[in-house]
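# Just to be clear, the model below is a prediction. Sequence and coordinates:
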Amino acid sequence: MRWRPLWPNTKATQPRSVRFPDLILRTERLVLRPLRDSDATDVVAGASDPVTQQWLPLPRPYTVDHARAFINRLAPGLHAVGHGVVRAIEHNGAFAGVIDLKRTDWVARVTEIGYWAMPAFRGRGVMTEATTALSHWALHNAGFERVELRIAPGNAASNRVAIKSGFAREGIARSAGQIHGTRVDLVIYSRIPTDL
Ligand SMILES: CC(C)(COP(=O)(O)OP(=O)(O)OC[C@H]1O[C@@H](n2cnc3c(N)ncnc32)[C@H](O)[C@@H]1OP(=O)(O)O)[C@@H](O)C(=O)NCCC(=O)NCCS
């Protein structure tokens, strides 16, 4: 799918009208599609998982009300203001996780990927396939110049996904994040058009 935003000209301000398309991406095994009301139970299970909770600053406990707010308000709100786009990852019709583009800077043409996988789908290359496809779309189809990943140094699985998805490790941003009230360093990865 070819899609290019109307880039702002020389003004160094965030354009108000630019936002992502309502993207559906298909890969060999996956479909990245909008979240649905019927995903709420799976979102609760995935977001409540202890490993997800260890690495992501999600509400604790994570209830069905949080999931409904995420699906019906937070994700559409992020999309509406142009900050990003959230997609469910579907594997053979089953809900396998969530991936998003976020913290988008339309002037610098930089965006960032975040993700979590359902425990039952981990270790099968699902997130590598989704991250490869979404970053490729951003760089090749949407005109971005840089896609970032920011990952805690101890999160071995996610650091591995970054490398397997064709990202380059740049270094550590000290105290760049916060998980459940604790400051954490973050490893910075990037993928740029010449990496494709
Ligand atoms: C990170 C996460 C999304 C990875 O999803 P996934 O679909 O399992 O990822 P993949 O199968 O594509 O790749 C995982 C890789 O990490 C490796 N891995 C998994 N656990 C590991 C561990 N504890 N130590 C070292 N490597 C590990 C796997 O072996 C695999 O690498 P390989 O293919 O070379 O064997 C998933 O573990 C998750 O949801 N974690 C909780 C949420 C999270 O951390 N989100 C990211 C925040 S930055």
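Noted; the coordinates are in hand.
# Could you pick out the residues of the protein near the ligand for me?
Contact residues (CB under 6 Å from any ligand atom) of the chain with the ligand: 51-52, 55-56, 115-117, 122-128, 151, 155-158, 160-161. To be clear about C-beta, it is placed using only N, CA and C from the backbone, and glycine gets the same treatment.
# Pop out the phi and psi values for the closest residue to residue 56 other than its chain neighbours.
Closest residue to residue 56 apart from its sequence neighbours, by CB to CB, 6 or more residues apart in numbering: residue 116 at 6.2 Å. Phi and psi for residue 116, reported as degrees, to the nearest 10, are phi -150, psi 150.
# any idea how far the strand or helix carrying residue 157 is from the chain center?
Taking DSSP states H and E as the definition, one finds residue 157 inside helix 156-164. On the basis of CA atoms, centre = their mean, to the nearest Å, helix 156-164 sits 14 Å off its chain's mean C-alpha point.
# Kindly report the same for stretch 169-179.
Centre-to-centre, stretch 169-179 and its host chain are 17 Å apart (CA atoms, centre = their mean).
# and if you look at stretch 44-57?
From the chain centre to the centre of stretch 44-57 is a distance of 15 Å (CA atoms, centre = their mean).
# got it, and stretch 188-196?
15 Å.
# neighbours around the closest residue to residue 139 other than its chain neighbours, how many?
Nearest non-adjacent residue to residue 139, counting by CB to CB, 6+ apart: residue 193, 4.9 Å away. Neighbourhood size, residue 193 [other CB atoms under 10 Å]: 14.
# Enumerate every residue touching residue 193.
Each residue near residue 193 by CB atoms under 8 Å, 6 or more residues apart in numbering is listed here: 139, 140, 145.
# where's the residue lying closest to the last one once chain neighbours are set aside relative to residue 50, distance?
Leaving aside its chain neighbours, residue 145 sits nearest to residue 109 (4.3 Å; criterion: CB to CB, 6+ apart). To residue 50, residue 109 is 37 Å away according to CB to CB, to the nearest Å.
# These two - which one has more neighbours?
Each of residue 109 and residue 50 has its neighbours counted (other CB under 10 Å); residue 109 has more, 17 against 7.
# For residue 158, see how far away the more buried one is.
In terms of CB to CB, residue 109 sits 24 Å off from residue 158.
# doesn't residue 47 make contact with the residue nearest to residue 56?
Yes. Between residue 116 and residue 47 there is a contact at 7.1 Å, judged by CB atoms under 8 Å.
# Mutual contacts of the two, please.
Contact criterion CB under 8 Å, 6+ apart; residues shared by residue 116 and residue 47: residue 56.
# would you put the C-alpha positions of stretch 93-112 in PDB?
Provided in PDB are the C-alpha atoms of stretch 93-112 (Å, rounded to 0.1, in the frame of the first residue of the first chain):
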ATOM      1  CA  GLY A  93      -7.400 -15.400  13.300                       C
ATOM      2  CA  ALA A  94      -6.200 -15.400  17.000                       C
ATOM      3  CA  PHE A  95      -5.300 -12.300  18.900                       C
ATOM      4  CA  ALA A  96      -1.500 -12.500  19.400                       C
ATOM      5  CA  GLY A  97      -0.600  -9.100  20.700                       C
ATOM      6  CA  VAL A  98      -0.500  -5.300  20.200                       C
ATOM      7  CA  ILE A  99       1.900  -3.100  18.300                       C
ATOM      8  CA  ASP A 100       1.900   0.600  17.900                       C
ATOM      9  CA  LEU A 101       3.500   3.600  16.400                       C
ATOM     10  CA  LYS A 102       3.800   6.400  18.900                       C
ATOM     11  CA  ARG A 103       5.600   9.600  19.800                       C
ATOM     12  CA  THR A 104       5.500  10.600  16.200                       C
ATOM     13  CA  ASP A 105       7.300  13.700  15.100                       C
ATOM     14  CA  TRP A 106       5.900  14.600  11.700                       C
ATOM     15  CA  VAL A 107       8.400  17.400  11.200                       C
ATOM     16  CA  ALA A 108      11.500  15.400  11.900                       C
ATOM     17  CA  ARG A 109       9.800  12.300  10.300                       C
ATOM     18  CA  VAL A 110      10.600  10.100  13.300                       C
ATOM     19  CA  THR A 111       8.300   7.600  15.000                       C
ATOM     20  CA  GLU A 112       8.600   4.900  17.600                       C
END
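# Cheers, nothing more for now.
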